[in-house]
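J.: got a predicted structure here, sequence first:
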Amino acid sequence: MSAPLLWIGIPFLASIGAWFLQDKRRLVFYLSAGLFALLGLTAMVQNIGGVIRFGSATIEIKSTVIFMGRSFILENKDRFFLAFVSFAMLFWILGSRISQAPAKFLPISMMVVSLLTAALAVEPFLYSAILMELVVVVTLPLLMSRDKPITKGILHYLIYQSLAMPFILLAGWILSGSQANPADAKQLQIAALLLAIGFAFWLGVFPFHVWIPELAEESQAYPIGFLLTLLPPVSLMIILKFINGLVWLRDTSYLPVILQIVGAVMIVTGGLWASMQTNLKKMFGYIILIDSGFMLLCISVSAQAGLELFYLSLIPHVLAMAILVYALAYFERHQMEPSLESLRGEMKNHPVLFIAMFTAIFSIIGLPFFASFSLHLALFENLTAQTGVIVWVLIGYFCLLIAAFRLLVVLLENKYSRWRISESNGDLFYLVPGIFFLLMMGIFPRVFIGGVWQTFAALLSLS
Amino acid sequence: MANWVNIFPILLILACLIAIILFSNWRRTVVALAVMYIGSFFLFLQVVPITLASVKLISGWASALLLVLLLPVQIRKPETGVRSKLVFYLFALVFIWIIAYLVAKPASTIMQSIPEIIFAGLAIFGTGIFLLGIRFEPYSVILGILLVFSGFELLYASVETSVLINGLLAAINLLMALIGSLMIDITNQVGAE
């Protein structure tokens, strides 16, 4: 048994099986939830390279598998990623039942997770670009519907993500040639430029970001939420792996500066546009941009601190995004238009839902007592020398805050005389713990973010 | 030009690119795409084994076939008949090819490849990007992406001869055409309703 077979092969085969069993939704739900719970736990407790014992029988977990002449390598340092995607997937599987995601959601999302893991594991790296392109092609049926025309967002998503592949492949080829002659600065500059363009397409950096808010607005909330929540951090992890593999790129003085500028631009543009939106789904798209910008800023900070900040930020990121997506799916289930105009005064009708939404938005902004506050503080401490970047980032977050307050004012309009909780028990079961954990992460960051991280670090032998 | 024979497949490719952009009929556009793959095949032959070049040709034809099976309900493109627009498109194409020609020589030095192949690859790639910029219905977008990939494959095949990577690129081409046919089918259905 090998780790790539366990975390890539099995989910891939399971997704094919689930595709043919779509009608038996309950069975697929329990089996896929069980599978990813098991994979997540295995990632946390099982050493890659060690053995699993069943009585007298032992199974060795090897790190490498050769497939068609290429290596897929998953090592112990990848276990955080494996645990993260497995548990994030489990989280989305559990939510899919309450939020009535389409039947094809589970098989396609499992295949996406399997391909993303393969993209991280494949050697040489340039094959990741092809696997990411496969992710794009696989996710399209999830975004399309037989009774709706093909939307602008889907076409933009297809165009921008597909354009990334040629640039990254060409950069990969130039870099593989320049390993023999690292002194050839001109070739390295060309490769860096091609890489930057490719990564900008992947992450939706301004001006290649249009597909994110468009898709968020036009598609069903749950599938698009899954895609937009998982794709940016995983793309960043792949980019990080790539940067770490190239010593000359990792050690260049201009890399942090570029990452900081790009991160700040994403936060400012995301914040500015979010503040002008009247549609909450579109606003969610811009929030994704802001969060991706924040993660970019994290990895721009000096090696270990930045990496730790990036990994730590994933915990509140997944939770806050899951709550926002849940809220958007709630609007769809109750035929509520997610626009400011039609949500006037609705706070009194759905108080828990909106409190959860604001908790998530304030956590993303990093207000005091909300989840990401300590992470924002740590990031700004690390960026003290770059005052300009901090100012622009604060402007971006301030714009998002304006958008949040505008929404709050509209929701609190005096339309209904009495407060009542319209949310079902299932909704409360999902939302109330969400609010609780986001607040606890803000008030006791050492326990709820640091604690989770330390548990991970201890189990994965990262510290 | 070191290999003057290359002028024939290049001319064929450029003629097909003009046809893809200017033809008002969808069916003729796909036929032009299929013929363009023949031109590419002759260029591929100079840098990869005939088996791999054949794979590229067959996957390209299969993509074109998938698209032709599900042509849009409207057999004519929406904005045809405006002559000034077509003239503008033609000039834009020529401009793109001039840029491709100017870039081909230095790029071939970096990539250590045949300049004609680099020129053809860049011309197809640039035309694909141009098509993505001027038309925005599912059919044209898929056609544009197929052109971009086809141009890129031509560039890339001259430097990367790995069978697996070239095979995967061919598979992505096919998948893209499959997704395109699904998109066209949905568009036709919704249009009919």
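T.: Looks like it came in fine. Residues are numbered from 1 along each chain as shown, chains lettered A, B, ... in the order given.
J.: which residues touch residue A:152?
T.: Contacts of residue A:152 were listed using C-beta atoms under 8 Å, 6 or more residues apart in numbering or on different chains, and they are A:214, A:218, B:136. The C-beta positions use only the backbone N, C-alpha and C, and glycine is treated the same way.
J.: give me phi/psi at it?
T.: For residue A:152, the backbone dihedrals are phi -60, psi -40 (criterion: degrees, to the nearest 10).
J.: out of the contacts of residue A:152, the closest to residue A:342 would be?
T.: Taking C-beta to C-beta as the measure, residue A:342 sits nearest to residue A:218 out of those, at 17.4 Å.
J.: residue numbers of chain B in contact with chain A?
T.: Applying the criterion C-beta under 8 Å from any C-beta of the partner chain, the portion of chain B that neighbours chain A consists of B:110, B:125, B:132, B:136, B:138, B:141, B:144-145, B:148-149, B:152, B:155-156, B:159-160, B:164-165, B:168-169, B:172, B:175-176, B:179, B:182-183, B:186-187, B:189-191.
J.: quick check: which element contains residue 141?
T.: I went with chain A, as the question did not name one. Here residue A:141, judged by DSSP states H and E, is contained in helix A:127-143.
J.: hmm, no, I was thinking of chain B.
T.: Taking DSSP H and E as the criterion, the element that holds residue B:141 is helix B:138-157.
J.: helices and strands around the helix or strand that comes right after that helix, which ones?
T.: Using DSSP H and E, the helix or strand that directly follows helix B:138-157 along the chain is helix B:163-192. Packing contacts for helix B:163-192, counted by 3 or more C-beta pairs under 8 Å, 6 or more residues apart in numbering or on different chains; DSSP states H and E, involve helix A:127-143, helix A:152-178, helix B:50-69, helix B:138-157.
J.: what packs against the last one?
T.: Contacting helix B:138-157 under the criterion 3+ C-beta pairs under 8 Å, 6+ apart are the following elements: helix A:152-178, helix B:7-22, helix B:26-44, helix B:50-69, helix B:115-134, helix B:163-192.
J.: adding distance to residue A:361 and mean pLDDT, write these out as JSON lines.
T.: Supplementary listing: these in JSON lines, determined by distance: least, C-beta to C-beta, whole Å; pLDDT from 0 to 100:
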{"stretch": "helix A:152-178", "distance to residue A:361": "22", "mean pLDDT": "85"}
{"stretch": "helix B:7-22", "distance to residue A:361": "46", "mean pLDDT": "89"}
{"stretch": "helix B:26-44", "distance to residue A:361": "46", "mean pLDDT": "90"}
{"stretch": "helix B:50-69", "distance to residue A:361": "44", "mean pLDDT": "88"}
{"stretch": "helix B:115-134", "distance to residue A:361": "35", "mean pLDDT": "91"}
{"stretch": "helix B:163-192", "distance to residue A:361": "34", "mean pLDDT": "83"}
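J.: which one of these lies nearest to residue B:88?
T.: Counting by C-beta to C-beta, residue B:88 lies closest to helix B:115-134 out of the helices and strands packed on helix B:138-157; the figure is 9.4 Å.
J.: how about the closest residue to chain A within chain B, what does it touch?
T.: The minimum distance from chain B to chain A, using C-beta to the nearest C-beta, falls at residue B:152 (4.1 Å). The neighbours of residue B:152, taking C-beta under 8 Å, 6+ apart as the test, are A:165, A:166, A:169, A:170, B:121, B:125.
J.: please redo it, this time with the cut-off set to 7 Å
T.: If you count contacts by C-beta atoms under 7 Å, 6 or more residues apart in numbering or on different chains, residue B:152 has them with A:166, B:121, B:125.
J.: would you convert those into TSV that also reports neighbour count?
T.: What follows is those, written out as TSV (neighbours: other C-beta atoms under 10 Å in any protein chain shown):
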residue	neighbour count
A:166	24
B:121	27
B:125	22
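J.: residue A:440: which of the helices and strands packed on helix B:138-157 is closest?
T.: For residue A:440, the closest of the helices and strands packed on helix B:138-157 is helix A:152-178, at 35.3 Å, according to C-beta to C-beta.
J.: tell me which residues of the closest one are tucked away?
T.: Judged by neighbour count using 16 or more other C-beta atoms under 10 Å in any protein chain shown, the buried positions of helix A:152-178 are A:153-175, A:177-178.
J.: among the residues you listed, which are within reach of chain B?
T.: Among the buried residues of helix A:152-178, the ones lying near chain B by C-beta under 7 Å from any C-beta of the partner chain are A:155, A:158, A:159, A:162, A:163, A:166, A:169, A:173.
J.: hmm, residue B:144 and the fourth one touching each other?
T.: No: with the criterion set as C-beta atoms under 7 Å, residue A:162 and residue B:144 do not qualify as a contacting pair; they are 9.5 Å apart.
J.: can you get me a residue count around residue B:51?
T.: Per other C-beta atoms under 10 Å in any protein chain shown, the neighbour tally for residue B:51 reads 8.
J.: any figure for the gap between it and residue B:167?
T.: If you measure residue B:51 against residue B:167 using C-beta to C-beta, to the nearest Å, the figure is 11 Å.
J.: can you check residue A:341 too?
T.: With distances defined as C-beta to C-beta, the gap from residue A:341 to residue B:167 amounts to 52 Å.
J.: also residue A:69?
T.: Computed with C-beta to C-beta, the distance linking residue A:69 and residue B:167 is 11 Å.
J.: same question, residue A:366
T.: With distances defined as C-beta to C-beta, the gap from residue A:366 to residue B:167 amounts to 47 Å.
J.: so which of the two has more stuff around it?
T.: Each of residue A:366 and residue B:167 has its neighbours counted (other C-beta under 10 Å); residue A:366 has more, 22 against 15.
J.: ok, that one touching residue A:374?
T.: No: in this structure residue A:366 lies outside contact range of residue A:374 using C-beta under 7 Å: 8.6 Å.
J.: residues contacting the closest residue to chain B within chain A?
T.: The nearest approach of chain A to chain B comes at residue A:166, 4.1 Å away (C-beta to the nearest C-beta). If you count contacts by C-beta under 7 Å, 6+ apart, residue A:166 has them with B:148, B:152.
J.: let's see 6 Å
T.: residue B:152 (C-beta atoms under 6 Å, 6 or more residues apart in numbering or on different chains).
J.: now do the biggest helix by length in chain A, average pLDDT.
T.: For chain A, the helix with the greatest residue count under DSSP state H is helix A:303-333. Along helix A:303-333, the predicted confidence averages to a pLDDT of 85.
J.: only the buried residues of it, if you could.
T.: Within helix A:303-333, the residues that qualify as buried by neighbour count (16+ other C-beta under 10 Å) are A:306-332.
J.: any idea how far the residue lying farthest from the centre of chain A is from residue A:47?
T.: When distances are taken from the C-alpha mean of chain A, residue A:56 lies farthest, 40.9 Å away, according to C-alpha atoms, centre = their mean. Residue A:56 sits 20 Å away from residue A:47 when distances are taken as C-beta to C-beta.
J.: give me the most central residue, chain B.
T.: Note: chain B centre (C-alpha atoms, centre = their mean) maps to residue B:147, 2.9 Å.
J.: okay, buried residues for stretch A:238-256 please.
T.: Under 16+ other C-beta under 10 Å, the buried positions of stretch A:238-256 are A:238, A:239, A:240, A:241, A:242, A:243, A:246, A:249, A:256.
J.: swap in stretch B:109-122?
T.: Buried-residue list, stretch B:109-122, by 16+ other C-beta under 10 Å: B:111, B:113, B:114, B:115, B:116, B:117, B:118, B:119, B:120, B:121, B:122.
J.: and the second one, helix, strand or coil?
T.: Same thing as residue B:113. Under DSSP: H, G, I helix; E, B strand; the rest coil, residue B:113 falls in the coil class.
J.: for the nearest residue to it once chain neighbours are set aside, give me its contacts.
T.: Nearest non-adjacent residue to residue B:113, counting by C-beta to C-beta, 6 or more residues apart in numbering or on different chains: residue B:158, 3.8 Å away. Taking C-beta under 6 Å, 6+ apart as the definition of contact, the neighbours of residue B:158 are B:47, B:113, B:117.
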